[in-house]
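Asks: No letters, just coordinates:
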């Protein structure tokens with residue numbers, strides 16, 4: 001069974017098209033060596049300053065010190081308006097000699113202006129909780145897994161979920177991703193009339209700087225890239241914010 005599926009990118013690209021327009025997409029970027037490959041799709045517009053979908057494949061590599069392979073899908077969307085949280089979705093299928101085969105999933109909001117955004121967090125969590133209830137998962141346990149970890153440099157909304165899953169959980173994860181996309185569109189529409197002030201932009205740049213520091217120093221995903229000699233510019237293109245001022 002192929003996982004993650006190509007159609008995951010299609011769902012996000014449709015959202016990016018609805019928000020930024022079909023002409024907002026840049027040419028696909030592709031990077032590869034004999035043991036890894038990456039494809040990155042990017043949309044840039046007035047609403048979503050940088051919105052990406054990416055696939056990363058590592059074959060016969062090393063995962064956390066153990067021989068293994070990984071297939072990963074990631075989507076990140078950064079609104080130009082700092083008063084609107086960014087979106088993050090990541091899922092991969094990993095197989096190592098030490099741990100066997102398993103699936104990782106993480107979804108969340110990234111807070112850009114250092115405000116509470118409780119309304120948006122509650123909306124995001126409510127949708128995830130509903131899908132968990134339908135499939136017999138406990139949202140509280142999966143949500144607590146991301147709490148207090150300083151994820152995204154302390155900018156994680158901590159309103160999504162993270163967990164380790166099996167292939168039998170793929171329908172649950174696909175349903176979750178399918179419901180996150182329209183929920184995020186609703187969050188964008190809720191805040192479309194918010195007018196940022198100078199302080200909001202200053203907070204956004206400070207938050208993005210902390211995010212990049214975290215990605216370079218603490219992210220397990222970046223650690224795996226380094227472990228397999230994948231250049232930093234790959235994760236810059238797929239995951240980093242569009243612009244940072246120090």
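Replies: Right, received. Where do you want to start? Not measured: the values here are computed from a predicted model.

Asks: now residue 97: how far from residue 63?
Replies: Distance of residue 97 to residue 63, given as Cβ to Cβ, to the nearest Å: 9 Å. Glycine gets a C-beta too; all of them are placed from N, C-alpha and C.

Asks: More neighbours: which of these two?
Replies: Neighbour tally, residue 97 and residue 63, criterion other Cβ atoms under 10 Å: the higher count belongs to residue 63, 22 against 9.

Asks: dump the residue contacts of the more buried one.
Replies: Shown in contact with residue 63 (Cβ atoms under 8 Å, 6 or more residues apart in numbering): 69, 70, 94, 96, 224, 227.

Asks: and the second one, what are its bridge partners?
Replies: Looking back up the chat, that one is residue 70. residue 58, residue 94 (DSSP bridges).

Asks: how many other residues sit next to it?
Replies: By other Cβ under 10 Å, the residues close to residue 70 number 20.

Asks: can you check the fourth one too?
Replies: Using other Cβ under 10 Å, residue 96 is surrounded by 18 other residues.

Asks: what about this protein, any weak spots by pLDDT?
Replies: Within the chain, the ranges that satisfy pLDDT under 70 run 246.

Asks: related to what we said a few turns ago, adding distance to residue 235, write the contacts of residue 63 out as JSON lines.
Replies: Below are these laid out as JSON lines (distance: Cβ to Cβ, whole Å):
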{"residue": "69", "distance to residue 235": "18"}
{"residue": "70", "distance to residue 235": "14"}
{"residue": "94", "distance to residue 235": "17"}
{"residue": "96", "distance to residue 235": "21"}
{"residue": "224", "distance to residue 235": "10"}
{"residue": "227", "distance to residue 235": "13"}
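
Asks: any idea which of those is closest to residue 164?
Replies: Ranked by distance to residue 164 (Cβ to Cβ), those are led by residue 94 at 9.3 Å.

Asks: Give me the distance between the closest one and residue 220.
Replies: For residue 94, the distance to residue 220 - Cβ to Cβ - is 11 Å.

Asks: and what of residue 7?
Replies: 26 Å.

Asks: who does the closest residue to residue 91 other than its chain neighbours bridge with?
Replies: Using Cβ to Cβ, 6 or more residues apart in numbering and skipping residues adjacent in sequence, the residue nearest residue 91 is residue 105, 4.5 Å away. Judged by DSSP bridges, the bridge partners of residue 105 are residue 91, residue 163.

Asks: Could you do residue 32 as well?
Replies: Applying DSSP bridges, one finds that residue 32 bridges with residue 37.
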